[in-house]
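Novice: test case, fold it:
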Amino acid sequence: MEFKTYDEQIAYLKENPDAIYSHWDRPTQFGPLFKKVTLEPRIINFKCGCLTQIRNDVDKFAYIQGEMNFDLTDEIRNDERIPKHGSYITIEDLPVFKEWQERIDKLQTA
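Specialist: Modelled structure (predicted):
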């Protein structure tokens, strides 16, 4: 089951909180909420990460329109609302992921 919108995925995860980690762990399978910060989420880039990976790992970065974006990376690393690992994500955190992903989507298409 792949979700097309953040709201659809959040609604499902609110009803099925035990599925949060599996959605985080396999974002290309389930939907957009935990995708990597890049235009090419299915291409393996060892420097690119999702929000939690960027927040937790000094070797992961945000990529906007194919370029490493240090300012955005720093903002993500400093946002204490983002858990540092997928196993720490709760229902209450889901709107934070949506907020970030919508912002990133706008930057990717600007």
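Novice: the closest residue to S22 other than its chain neighbours and K47, how far apart?
Specialist: In space, not counting the residues next to it along the chain, S22 is nearest to F30; the distance is 7.3 Å by C-beta to C-beta, 6 or more residues apart in numbering. Yep, even glycine has a C-beta here, placed from its N, CA and C like the rest. Using C-beta to C-beta, to the nearest Å, one obtains 23 Å as the distance from F30 to K47.
Novice: can you check T28 too?
Specialist: When C-beta to C-beta is applied, the distance between T28 and K47 equals 18 Å.
Novice: for the residue sitting nearest the centre point of the chain, what are phi and psi?
Specialist: Among the residues of the chain, F34 comes closest to the average C-alpha position under C-alpha atoms, centre = their mean, at 3.4 Å. Dihedral angles of F34 (phi, psi; degrees, to the nearest 10) stand at phi -120, psi 20.
Novice: higher neighbour count, F30 and K47?
Specialist: The neighbour count for F30 versus K47, taken as other C-beta atoms under 10 Å, is higher for F30 (20 against 11).
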